[in-house]
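Chemist: Have a look at this fold, sequence not included:
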């Protein structure tokens, strides 16, 4: 596998930094003060000022760099071509060169699965398979499987109508059905590529995605089982009725789509009949068959979702189990994340689109529209890379590493605690991951840790990034409003569910790190 981050050009040796706040506080004390003030400023800008996280991260990176004594040339480079390396450009470009492609391909794949009805086919089949009594488990598995290729909030929007229907049919609390679904979606969002958090962390730590996928599964499955256990417990003790407005809106949306589809088919049939008759208009009446949409088969959904995961894992372990050869090179080619996700996307285009009557224009429209929300994510991830580059280039990272080593806590514990603090303070899981990774990466440099161990540290950071979702997290409000849960009950159910998922994931990652 090729390194996830390209090596930066060799720069001339940088003289000791003596500017900024270091004029007042020299040495390690000054560097730690700059780091602490930078993190506090970041939280203030995001929480109080409500500054967009990308702008906040970029502004804080510049402020920290200047305060730590970096020159303008070191931060921004020069107008003329020279040997100086811009930390902002190298930090942004180094991480996005890998992450942007993976997130873009994964987003388009998820959009095709969503619009084609793959999610509905999966959940319906699982509900029929498990039956009424085990419907909560079916919803949990639906969230777990469908959450791999789609973002957390998209999964909620697509699968919520199925939750409404299951809860209405049973007459039980909607929590019994939505909480297992949310646990599955949240687990994949936190621990598994191609979601932005684990992909960004893998890029910063230079860990192959195969190891991140493997450790994400090993750590995430026990964590989601613990979350499902809590979901079953709280769902039986806290009754929340189905929100009627959401149920009616879902029914109206389905009816509108069905009406449009039926009108198109009736018009096409009448046009064909008119051409055969040679003249005369034919009434565009609809029939029951016009409303039917060809269902997506469950094996097709599993094939499309599973193919890239298996290819990436095969490439990762071929580098361990096989000697260098043409066969191994072929496996590594098809298992590179760029190639594996492209193959899966092309499979989705054909199996879920063209073969089912989609036009090429429809495929292009769905793919292009799905990329619109990705820009913000990529900019935040890139700014996190800038923050990490500034911490390293200014010497703050080395000072932090020395200080944390003196504390005596394992790096994996420190990584989790830092991520938890940042998550609880500012709400965004992605910001918590990229900021924590920027702080932690220098702590592991030179320790000769294996790829597997580094992947476990990433899992700890990811686990911390979902701890205690509350009122400063957009996910909190999506869950509350979409499922008609009061703020108090959302804290009792969703916030605790996320905490259980976080703690269980960290405990599993920490336990495995002892042996790996």
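Modeler: Ah, there it is. This is a predicted model, so every value here is computed, not measured.

Chemist: ranges for the strands of the stretch 151-300 of the chain?
Modeler: Taking DSSP state E, counting those that start in this stretch, the stretch 151-300 of the chain contains no strands at all.

Chemist: Do you know the pLDDT at residue 176?
Modeler: Looking at residue 176, its pLDDT reads 95.

Chemist: which residues touch it?
Modeler: Counting by C-beta atoms under 8 Å, 6 or more residues apart in numbering, residue 176 touches 136, 167, 170, 231-232, 235-236. Every residue, glycine included, has its C-beta placed from N, CA and C.

Chemist: Can you list the low-confidence ranges for this protein?
Modeler: 1-26, 79-84, 245-265, 268-269, 272-294, 405 (pLDDT under 70).

Chemist: What residues sit buried inside stretch 364-379?
Modeler: Judged by neighbour count using 16 or more other C-beta atoms under 10 Å, the buried positions of stretch 364-379 are 366-367, 370, 374, 377-379.

Chemist: How about stretch 232-246?
Modeler: Of the residues in stretch 232-246, 232, 234-235, 240, 242-243, 246 count as buried by neighbour count, 16+ other C-beta under 10 Å.

Chemist: my guess is residue 337 contacts residue 100, does it?
Modeler: No. Counting by C-beta atoms under 8 Å, residue 337 does not reach residue 100; the two are 11.8 Å apart.

Chemist: so of the buried residues of stretch 364-379, which ones are in helices?
Modeler: With DSSP state H as the criterion, helices contain 366-367, 370, 374, 377-379 from among the buried residues of stretch 364-379.

Chemist: related to what we said a few turns ago, from the contacts of residue 176, which ones fall inside helices?
Modeler: Using DSSP H, the contacts of residue 176 in helices are 136, 167, 170, 231-232, 235-236.

Chemist: can you put those residues in a markdown table and add distance to residue 124?
Modeler: Converted to a markdown table, the ones in helices among the contacts of residue 176 look like this (distance: C-beta to C-beta, whole Å):
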| residue | distance to residue 124 |
| --- | --- |
| 136 | 15 |
| 167 | 15 |
| 170 | 16 |
| 231 | 21 |
| 232 | 22 |
| 235 | 21 |
| 236 | 25 |
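
Chemist: Walking through the stretch 201-350 of the chain, point out its helices one by one.
Modeler: Under the criterion DSSP state H, counting those that start in this stretch, helices of the stretch 201-350 of the chain are mapped to 209-237, 244-277, 298-321, 326-335, 337-348.

Chemist: May I see those helices organised as JSON lines, with distance to residue 498 added?
Modeler: Converted to JSON lines, those look like this (distance: least, C-beta to C-beta, whole Å):
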{"stretch": "helix 209-237", "distance to residue 498": "8"}
{"stretch": "helix 244-277", "distance to residue 498": "22"}
{"stretch": "helix 298-321", "distance to residue 498": "24"}
{"stretch": "helix 326-335", "distance to residue 498": "32"}
{"stretch": "helix 337-348", "distance to residue 498": "27"}
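
Chemist: quick one: which of those helices is nearest residue 433?
Modeler: Relative to residue 433, the nearest member of those by C-beta to C-beta is helix 209-237, separated by 12.1 Å.

Chemist: List the buried residues for that closest one?
Modeler: Buried residues in helix 209-237, counted by 16+ other C-beta under 10 Å: 209-216, 218-220, 223-224, 226-228, 230-232, 234-235.

Chemist: on contacts alone, who are the packing partners of it?
Modeler: Helix 209-237 is packed against helix 135-146, helix 175-191, helix 196-205, helix 298-321, helix 451-464, helix 496-515, with contacts defined by 3 or more C-beta pairs under 8 Å, 6 or more residues apart in numbering; DSSP states H and E.

Chemist: Contact partners for the spatially most central residue of the chain?
Modeler: Nearest to the mean C-alpha position of the chain, by C-alpha atoms, centre = their mean, lies residue 195 at 2.6 Å. Contacts for residue 195 (C-beta under 8 Å, 6+ apart) come out as 106, 151, 188-189.

Chemist: Ramachandran coordinates for it?
Modeler: Dihedral angles of residue 195 (phi, psi; degrees, to the nearest 10) stand at phi -70, psi 150.

Chemist: first vs last residue of stretch 459-477, how far apart are they?
Modeler: Using C-alpha to C-alpha, to the nearest Å, one end of stretch 459-477 lies 25 Å from the other.

Chemist: Please identify the buried residues of that stretch?
Modeler: For stretch 459-477, the neighbour count (16+ other C-beta under 10 Å) marks 459-470, 473, 475-476 as buried.

Chemist: follow-up on the earlier one: in CSV: the buried residues of stretch 232-246, plus distance to residue 181.
Modeler: Shown next, in CSV, are the buried residues of stretch 232-246 (distance: C-beta to C-beta, whole Å):
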residue, distance to residue 181
232, 13
234, 14
235, 11
240, 14
242, 14
243, 15
246, 14
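
Chemist: Out of those, which is nearest to residue 303?
Modeler: For the buried residues of stretch 232-246, the closest approach to residue 303 (C-beta to C-beta) belongs to residue 232, at 30.8 Å.

Chemist: quick one: the closest residue to that closest one other than its chain neighbours and residue 481, what's the gap?
Modeler: Excluding its sequence neighbours, the residue lying closest to residue 232 (C-beta to C-beta, 6 or more residues apart in numbering) is residue 136, at 6.5 Å. Plainly put, residue 136 is 22 Å away from residue 481 if you go by C-beta to C-beta, to the nearest Å.

Chemist: Comparing the two, which residue is more hemmed in?
Modeler: Neighbour totals were compared for residue 136 and residue 481, and residue 136 leads with 25 against 12 (other C-beta atoms under 10 Å).

Chemist: wait, that one sits on residue 178?
Modeler: No. The criterion here is C-beta under 8 Å, and residue 136 misses it with residue 178 at 9.3 Å.

Chemist: And for residue 449, the neighbour number?
Modeler: 18.

Chemist: Give me the distance between it and residue 137.
Modeler: 37 Å.

Chemist: same question, residue 413
Modeler: Using C-beta to C-beta, one gets 33 Å for the distance from residue 413 to residue 137.

Chemist: what does residue 510 give?
Modeler: 28 Å.

Chemist: what do you get for residue 108?
Modeler: Residue 108 sits 30 Å away from residue 137, going by C-beta to C-beta.
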